[in-house]
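Colleague: what follows is a predicted protein model with its sequence.
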Amino acid sequence: MITVPVLSTTEAINHALDVMTNDMKGSFVIKLFSSPEEIDSFIRNNNCELVILDFTSTDLRCEDLYNRLKTDTTLKYLNILVIVADEGERMALEMELCPNLLLCVNEREFLRNCTRYFKIFSQNVQFLYNKLLQYHLGINGAGTFVCDNDSADIVIYADMLVTYLTNTSRIDMDGKFLLQTSLMEMLLNALEHGNCGITYDEKSRWLESGHDILELIANRNRQPEINSKKITIDYNACEKETSFCIKDEGIGFDWRAMLEKDIQPDLHGMGIKMTERMVKRLAYNEKGNEVYFTIGNSPNAPEFTEKDLKIDNFKQGETLNIEGSSPEKLAFLIDGAITGTFPNSKKIEYLPGNIFIPLFKRESEGASFTVTKDAKLLVIERALVDNFFAKETPFKTLFETCLKVVY
């Protein structure tokens, strides 16, 4: 359960949060504040992972608090969701880089999608940790999202990813527009043509009749077998470039024919060609249900390096066997799930983003680790982690708990 402090006096926003907590059945506890000083104190004393600041409550000086939080180096782990009055204010706020910014949304969108936002946060707790931990450790940012088959969901996932890359200076404002456009085009293709199976001709007839494509997507999603499909988004933010892979559960398509087409004015169908011109590289798997593309990072991007680290991938059912295991190295669980069984028969489930798994000679220690969901592990030097944990944080508490159990 995650406690979320909220600075707001807007009745509609507070009501939406109340509805969300009922819908989410105890996953989140909302603590409302009407004083910047009180919420500031609460955040610092409770090591909060997520805070909501309502800029539409003009009497609360939320902007001043936001500026204090984003410049405080002791709050490296804090994620901030900001609610603004309109798109102009959102764009202005996002011009000021802040690694702690999780999302900036206008009031209308927040009221419409409040429960959806928190459902996505709940499903992607690892992202709340990963994006800040990897940034402050100065290592590549990698992760995976599994998106529901819904048009509103893909907008939220795209916004989260673009905000993260922009506010860690990997892309500049020009790159932000290009990435947002490319991501949305590829995600919409995965949703419409991939999972929903909407053909080019079918979409053409629908649009020519004056209907919105979102209506057709909603109609298809009334079928349980379509509604249950997922879209997977993998990203890997390296020092010079960031790569993406978007995979749907559809039957694929003839991507070669589409890429060979010339761009022509039309109702639709040129998104892939436009995206190809916006990114460095664009490619598909043979089937056509996975697309890969790469963007160049900003010239002003900080020096993120692999630092002799690597990502290990494991399939469900495998027993961990990581080369070069030693007490001087730790493995950060990026994605998936792992169960550890210890000599005292105690079992612990390791979840993404909120735990480090100590590496050691497992045979002599008598412990075993089994992958219960396809997993990605990032090997980290202990010295890097110890430096990050110089101050008390939720990461440090979880890390020390893990060490006590294992050793």
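Modeller: Now that the structure is in, tell me what you want to look at. Numbers count the residues shown, from 1 in each chain.
Colleague: hmm, D172 is touching N300, no?
Modeller: Yes - if you go by Cβ atoms under 8 Å, D172 and N300 touch, sitting 6.9 Å apart. C-beta: built from backbone N, CA, C; applies to glycine.
Colleague: neighbour count winner among the two?
Modeller: Using other Cβ atoms under 10 Å, the more surrounded residue of D172 and N300 is D172, with 15 against 9.
Colleague: how about the helices in the stretch 151-300 of the chain?
Modeller: 151-167, 173-189, 200-208, 213-220, 224-227, 255-260, 271-278 (DSSP state H, counting those that start in this stretch).
Colleague: which non-adjacent residue is nearest the residue nearest the centre of the chain?
Modeller: Nearest to the mean C-alpha position of the chain, counting by Cα atoms, centre = their mean, stands F127 at 4.6 Å. The shortest distance from F127 to any residue other than its chain neighbours is 6.0 Å, reached at G143 (Cβ to Cβ, 6 or more residues apart in numbering).
Colleague: that neighbour sits in which helix or strand?
Modeller: G143 is part of strand 141-148, with elements assigned from DSSP states H and E.
Colleague: so which other helices or strands are in contact with that strand?
Modeller: Packed against strand 141-148, as judged by 3 or more Cβ pairs under 8 Å, 6 or more residues apart in numbering; DSSP states H and E, are the following elements: helix 125-137, helix 151-167, strand 230-237, strand 329-341, strand 368-381.
Colleague: care to break this protein down by domain?
Modeller: Residue ranges for the domains of the chain, per automatic domain parsing: 2-123, 124-304, 311-406.
Colleague: just the element for H15, please.
Modeller: Assigned by DSSP H and E, H15 belongs to helix 11-23.
Colleague: again but with T3, I slipped
Modeller: For T3, the element it lies in under DSSP H and E is strand 2-7.
Colleague: so what touches that strand?
Modeller: Identification of contacts with strand 2-7 by Cβ atoms under 8 Å, 6 or more residues apart in numbering yields 13-14, 17, 27-34, 36, 39, 42-43, 46, 48-54, 57, 60, 62, 65, 121, 125.
Colleague: per-residue confidence at the closest residue to D248 other than its chain neighbours?
Modeller: Of all residues not flanking D248 in the chain, G194 sits nearest, at 3.1 Å (Cβ to Cβ, 6+ apart). Here the pLDDT value assigned to G194 is 87.
Colleague: go ahead and confirm G194 touches W255.
Modeller: No - the criterion here is Cβ under 8 Å, and G194 misses it with W255 at 11.4 Å.
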